[in-house]
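Novice: Show me how the following folds:
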Amino acid sequence: MSKGLLFTRDKKKLEKLQYEMDIRNIEANYLIEIPKKVYKYTNVQRYVIENLNNNYVSASLAKKFNDIKDSIMMTNNRENIIREYDESVNIAKKAGYEWPVSKDIHINNSLQRMNHMKGYLRETTYVLCLTSNYPSEYMSGMYSNNEGIVIEYDTTNQIFQNIYPVVYGIEPLEVQSLVDLGTDESLEIAMLLSATYKNLSWQHEEEWRYLLKLSYPNKKLGDYIPLITDTPSSIYLGLNYFDLFKNNHTINEAMKNKVELLTVCYEKAISVKYEKLFIDEISTFSFDVELFYDYGLKYLEGDLSNSQLMNIIENIQKITYKVTDI
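Specialist: Below is the predicted model of the structure:
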């Protein structure tokens, strides 16, 4: 295989993926259109601010996923291995000779190969995980405890034109038949199926993925790599984004990161919106980062306290108290 494999989309490949899912009796949606916008739920960390500054977005190595079954290449199981061995022994007997490998050695060797294949995709594939699901209270709570942000991207960028929808099903997805074919195309389809299939319990995430496959594990690259993209179209602040500043006299790194992110949004002309809860309904409002900008810089320089900053934020929220169409 080449140095790296970018899983670009084309009609033939999508139809092949759809066919492979259909013969496994799993409802697939590979042929649906790419959404006009995709979203990234995240906490406000240092690398997020650096990404915004540089028009990057981070893809993570599949082995770092919180779902330990994610992107596992299921190539065989013990029962199939034993059955295949017994069939080979019987064929050998009919041909008048003895099969040269013992059953235990064959099973152990096959299981080792299977375990290697299971880990191969997770150790060599970088994945950018996105979603078409916004707004989602569940996602905001799961990925940032409602204290982080949701980054919105238009999908006109080339990266987003090569994203694949994730398919959800109940049973583990085995791709041994494709691996057995031994062609570059069959192996690529096997890897794509494995990297874009998750258990049905994750279907609420409505996930889309951009995939970059290396030919072998490369520890020098680390667990995360930056991908070049366009400036986000909008950033949505979580319901509890500003709670960190309330009733807290000390200033810490997390607070500075949240303020710096807002100043970067102004410098990059990124629209910012914030969420507010009314009884049992969350509404979204514009946040004027231009009004905030100079105060944010003063806060970062140590010239404003948390309480002073919160007074400013509350005044800006009152001024921009207008529902945003999302």
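
Novice: got the end-to-end distance for stretch 62-82?
Specialist: Terminal residues of stretch 62-82 lie 30 Å apart, using Cα to Cα, to the nearest Å.

Novice: Can you give me the buried ones in that stretch?
Specialist: For stretch 62-82, a neighbour-count test (16 or more other Cβ atoms under 10 Å) marks Ala62, Lys63, Asp70, Ser71, Ile72, Met73, Met74, Thr75, Asn76, Ile81 as buried. Yep, even glycine has a C-beta here, placed from its N, CA and C like the rest.

Novice: From Asp280, how far off is the fifth one?
Specialist: Read that as Ile72. Ile72 sits at a distance of 40 Å from Asp280 (criterion: Cβ to Cβ, to the nearest Å).

Novice: ok, which stretches of this structure are helices?
Specialist: 11-23, 46-54, 78-94, 103-124, 137-144, 176-181, 184-195, 253-267, 289-300, 306-319 (DSSP state H).

Novice: Need the residues that contact the fifth one.
Specialist: Okay, so that is helix 137-144. 41-43, 131, 133, 146, 148, 150, 204-205, 238-239, 282 (Cβ atoms under 8 Å, 6 or more residues apart in numbering).

Novice: What subset of the residues you listed is buried?
Specialist: The neighbour-count criterion (16+ other Cβ under 10 Å) marks Tyr41, Thr42, Thr131, Asn133, Asn146, Gly148, Val150, Glu205, Gly238, Leu239 among the contacts of helix 137-144 as buried.

Novice: Identify the residues contacting the residue nearest the centre of the chain.
Specialist: Per Cα atoms, centre = their mean, the C-alpha nearest to the average position across the chain is that of Cys129, at 1.6 Å. Cys129 sits next to Lys40, Ser60, Glu207, Trp208, Arg209 when contact means Cβ under 8 Å, 6+ apart.

Novice: Could you report the pLDDT at Ile279?
Specialist: What the model reports as pLDDT for Ile279 is 69.

Novice: for Ile326, that is, sorry about that
Specialist: For Ile326, the model assigns a pLDDT of 44.

Novice: Likewise for Leu221?
Specialist: In this model, Leu221 carries a pLDDT of 90.

Novice: Distance-wise, check it relative to Lys213.
Specialist: Distance from Leu221 to Lys213, by Cβ to Cβ: 13 Å.

Novice: Out of the helices of the chain, flag the one nearest Ile225.
Specialist: Closest approach to Ile225 among the helices of the chain (Cβ to Cβ): helix 46-54, 11.3 Å.

Novice: Output the closest one as PDB, restricted to C-alpha atoms.
Specialist: Extracted in PDB, the C-alpha atoms of helix 46-54 (Å, rounded to 0.1, in the frame of the first residue of the first chain):
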ATOM      1  CA  ARG A  46      -5.400  25.200  24.200                       C
ATOM      2  CA  TYR A  47      -5.200  23.200  21.000                       C
ATOM      3  CA  VAL A  48      -8.800  24.300  20.000                       C
ATOM      4  CA  ILE A  49      -7.700  27.900  20.200                       C
ATOM      5  CA  GLU A  50      -4.500  27.200  18.200                       C
ATOM      6  CA  ASN A  51      -6.600  25.400  15.600                       C
ATOM      7  CA  LEU A  52      -9.000  28.300  15.200                       C
ATOM      8  CA  ASN A  53      -6.000  30.700  14.800                       C
ATOM      9  CA  ASN A  54      -4.500  28.500  12.100                       C
END
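
Novice: Counting neighbours, which bits of it end up buried?
Specialist: Within helix 46-54, judged by 16+ other Cβ under 10 Å, the buried ones are Val48, Ile49, Asn51, Leu52.

Novice: Once you drop chain neighbours, what's closest to the last one?
Specialist: Excluding its sequence neighbours, the residue lying closest to Leu52 (Cβ to Cβ, 6 or more residues apart in numbering) is Val264, at 5.1 Å.
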